[in-house]
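Student: predicted coordinates and the sequence they were generated for:
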Amino acid sequence: MPEVCTTHAATANPLQVIVAESEQGRGILGVIDGFKSKGVETDADVKARREFLRRIGCEPLHD
């Protein structure tokens, strides 16, 4: 049976999901966003992103 996992990420970049498999099953080890920001966010975009992250319980580590 297929497994489903929803990942929320504050990026428009493609993400790479790292999955490990053991005798007990599969699990996500991490998510990689290997691209740097292209600097296309406006001040309003930055504000909206920060508000969204705070609303879902994530504080940005840096800007």
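Tutor: Happy to help now that I have it.

Student: for the host helix or strand of residue 30, name the packing helices and strands.
Tutor: Assessed by DSSP states H and E, residue 30 sits inside strand 25-32. Strand 25-32 is packed against strand 16-22, with contacts defined by 3 or more C-beta pairs under 8 Å, 6 or more residues apart in numbering; DSSP states H and E. Bear in mind the C-beta positions are built from the backbone N, C-alpha and C, glycine included.

Student: alpha carbons of the strand it packs on, in PDB - could you do that?
Tutor: Provided in PDB are the C-alpha atoms of strand 16-22 (Å, rounded to 0.1, in the frame of the first residue of the first chain):
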ATOM      1  CA  GLN A  16      14.600  16.600  -2.400                       C
ATOM      2  CA  VAL A  17      13.100  14.300   0.200                       C
ATOM      3  CA  ILE A  18      15.600  11.900   1.900                       C
ATOM      4  CA  VAL A  19      13.900   8.600   2.700                       C
ATOM      5  CA  ALA A  20      15.400   5.700   4.600                       C
ATOM      6  CA  GLU A  21      14.100   2.100   4.700                       C
ATOM      7  CA  SER A  22      14.600  -0.400   7.500                       C
END
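
Student: which residue is the nearest non-sequential neighbour of residue 5?
Tutor: Counting by C-beta to C-beta, 6 or more residues apart in numbering, residue 5 lies nearest to residue 28, which is 6.3 Å off, once chain neighbours are set aside.

Student: got it, and residue 14?
Tutor: residue 35 (7.7 Å).

Student: tell me the contacts of that neighbour?
Tutor: For residue 35, the contacting residues are 11, 13-14, by C-beta atoms under 8 Å, 6 or more residues apart in numbering.

Student: I'd like these as a markdown table, with secondary structure and pLDDT appended.
Tutor: Listed next are these as a markdown table, based on DSSP: H, G, I helix; E, B strand; the rest coil; pLDDT from 0 to 100:
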| residue | secondary structure | pLDDT |
| --- | --- | --- |
| 11 | coil | 76 |
| 13 | coil | 78 |
| 14 | coil | 83 |
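
Student: let me know the closest of these to residue 41.
Tutor: The closest of the contacts of residue 35 to residue 41 turns out to be residue 11 (C-beta to C-beta; 11.0 Å).
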